[in-house]
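heads up, no residue letters with this:
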């Protein structure tokens, strides 16, 4: 599972991952490095994502969502998304030939 955001965004997916694991599934969470210990402590696998979650969350708080309010912000967010996608796309294609992307954010 790929999760971008704050601990409040990551924590529910950790709970879902634990439940899936208890039912015999292998679970790996792809999220930012600052959540590595949190994910590993509960016994799930961890995969690091690129990008800076503080930049993304700060941007969403400042702009009340993900859409840019100024043209200068477009390249900043585009680079963050590129870093996230490029950090896991090869790994995802190795694990499963048809990765599915779901972008979720909480306002």
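Ah, there it is. Computed from a predicted model, the values in this text were never measured in an experiment.

Just the terminal-to-terminal distance for stretch 39-46.
6 Å (CA to CA, to the nearest Å).

same check, this time on stretch 26-37
The first-to-last residue distance of stretch 26-37 comes to 18 Å (CA to CA).

Show me which positions of it end up buried.
27, 29-32, 35 (16 or more other CB atoms under 10 Å). C-betas here are computed from N, CA, C, even on glycine.

tell me the two of these that are most distant?
Greatest spatial distance among the buried residues of stretch 26-37 (CB to CB): 27 and 32, at 17.3 Å.

ok so, going back, which one among the buried residues of stretch 26-37 gets closest to residue 87?
Closest to residue 87, out of all of the buried residues of stretch 26-37 and judged by CB to CB, is residue 30, at 8.1 Å.

helices or strands next to the helix or strand containing that closest one in the packing?
If you go by DSSP states H and E, residue 30 is part of strand 28-31. Packing contacts for strand 28-31, counted by 3 or more CB pairs under 8 Å, 6 or more residues apart in numbering; DSSP states H and E, involve helix 7-22, strand 45-48, helix 71-95.

show me where pLDDT drops low in this protein?
Residue ranges of the chain with pLDDT under 70: 64-69, 90-107.

ok now the helix or strand following the strand holding residue 30, how far from the chain's centre?
Using DSSP H and E, the helix or strand that follows strand 28-31 towards the C-terminus is helix 36-41. Taking CA atoms, centre = their mean, to the nearest Å, the mean C-alpha location of helix 36-41 is offset from the chain mean by 14 Å.

And stretch 47-54, by the same measure?
Worked out by CA atoms, centre = their mean, stretch 47-54 lies 7 Å from the chain centre.

now do stretch 2-21
That offset, for stretch 2-21, works out to 9 Å (CA atoms, centre = their mean).

Output the buried residues of stretch 26-37 in a markdown table; the columns should cover distance to residue 18.
Shown next, in a markdown table, are the buried residues of stretch 26-37 (distance: CB to CB, whole Å):
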| residue | distance to residue 18 |
| --- | --- |
| 27 | 8 |
| 29 | 10 |
| 30 | 16 |
| 31 | 15 |
| 32 | 19 |
| 35 | 15 |
